[in-house]
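I'd like to go over a predicted model; first the sequence, then the structure.
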Amino acid sequence: MTDDRTRLADAARAAWQEAAPRLELEAGACATQILSARREAKGGRIVMHIMPRDGADSLILKLRLGGDPAALEQAARAYRRAATSLAGQPGLAVPRLIMTLPAHHALILSYSPGTDARSLLADSTNPDDHIPVLRAAGLWLGALHRGQPAAPAAFDPAPALRGQARRARTSVAPRQTALARLIARVRTLAVPLPDRTWPQAVIHGDMTLGNLLIAPDQITGIDVENDTPAPRARDIAMLLIDHELWFGHHPAAIQAFWQAYGNDLRHDPLLRFHIALRLARLWSDMPAHPTQASPRRAHLWAGLQAMTARLESKDAS
């Protein structure tokens, strides 16, 4: 283990030592597995799978070093609210919040079965495999948004445009001329947005394929830690971009997503803006030589260029 990973693992085990007796479990009698660990500027995040050996249900411990106490309570509220919004929706779920550990900035959640949607598609060579996965994503996301509605609200693109301008000034990404065209497209799409109100919901906030677990009889959204309203288009843009950057453009699968979501927003101006904005952000954040950075970065760089070119071609037609 690296020093950072060891530090995060030690913090997670300390949190579990406190939580186990309150759940009438013996900490040392449970197997543990680190599912993810990531360093951050103020600390880091870790997710640990806890497997009691006495037949009790598995658990998930999520811990964030250096986190804001208010963010922990926000995450707890988000899990409770999302669970309520999906109640009565057979086959659709979120992890159940079992316990908060404020002193450790940690949550104990129920374990959710399934394979994340990105992994399900990683080795596929059949375009038809994408249809059920995006249909599952549409079903889950549509139910979440309908179950957590918020009043329509005005949208001011100015803060997002200022943030993109700051990124562009410091960007070392290659193909700066293409990036400038993309940023110009973002600004053009922003012009009509303040003139009306837009549908909102308490969105997921980090809606990627990796945060959707698919099992034979259940679709579970994980990392549900946002509890404030925002445009639904943000979730949709993130999901559709994540899918295309990893796996390319699959029109039949996109159609299945919209049918399952229950509302076809593909021509929605706010969705088009959020797609262009996120592409510009991802492009600005690329290193100078993405193909040399890592295989993952090289793959995403290729997908980013391909998706941007496709949208430019669509605009021109």
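The structure has been received and is ready for your questions.

And the helices in the stretch 1-150 of the chain?
Chain-ordered helices for the stretch 1-150 of the chain, with DSSP state H, counting those that start in this stretch as the definition, fall at 3-22, 69-86, 117-122, 130-147.

Tell me which of these sits most buried.
Looking across the helices of the stretch 1-150 of the chain with neighbours counted as mean count of other Cβ atoms under 10 Å, the highest average goes to helix 130-147: a mean of 22. Backbone N, C-alpha and C define where each C-beta goes, glycine included.

Please name whichever of the helices of the stretch 1-150 of the chain is nearest to Ser58.
Within the helices of the stretch 1-150 of the chain, the stretch nearest Ser58 is helix 3-22; the backing value is 12.8 Å (Cβ to Cβ).

List the contacts of the closest one.
1, 26-27, 30, 32, 34, 37, 39, 44-46, 48, 50, 61, 63, 65, 99, 101, 103-104, 106, 108 (Cβ atoms under 8 Å, 6 or more residues apart in numbering).

Thr220 in helix, strand or coil?
strand (DSSP: H, G, I helix; E, B strand; the rest coil).

Show me the domain layout of this protein.
The record assigns the chain these domain ranges, following automatic domain parsing: 3-110, 115-316.

Going through the contacts of helix 3-22, which ones are buried?
Among those, the ones that count as buried by 16 or more other Cβ atoms under 10 Å are 27, 30, 32, 37, 44-46, 48, 50, 61, 63, 65, 99, 101, 104, 106, 108.

so Leu61 makes contact with His104?
No: between Leu61 and His104 there is no contact, the gap being 9.0 Å when judged by Cβ atoms under 8 Å.

since we're on Asn263, how many residues are nearby?
Residues contacting Asn263 under the criterion other Cβ atoms under 10 Å number 14.

Work out for me the element it sits within.
Secondary structure from DSSP states H and E places Asn263 outside every helix and strand.

so it touches Gly142, yeah?
Yes: with contact defined as Cβ under 8 Å, Asn263 reaches Gly142; the gap is 7.3 Å.

how much space between the spatially closest residue to Phe273 that is not a sequence neighbour and Thr197?
Among residues not flanking Phe273 along the chain, Leu189 sits closest, at 4.2 Å (Cβ to Cβ, 6 or more residues apart in numbering). For Leu189, the distance to Thr197 under the criterion Cβ to Cβ, to the nearest Å works out to 17 Å.

Same question for Leu212.
Counting by Cβ to Cβ, the gap between Leu212 and Thr197 amounts to 29 Å.

So between these two, which is more surrounded?
Just comparing Leu212 and Thr197: by other Cβ under 10 Å the higher neighbour count belongs to Leu212, 27 against 11.

show me what contacts the nearest residue to the more buried one once chain neighbours are set aside?
Spatial nearest neighbour of Leu212, chain neighbours left out: Ala117 (4.5 Å); criterion: Cβ to Cβ, 6+ apart. Going by Cβ under 8 Å, 6+ apart, Ala117 touches 133, 136-137, 209-210, 212-214.
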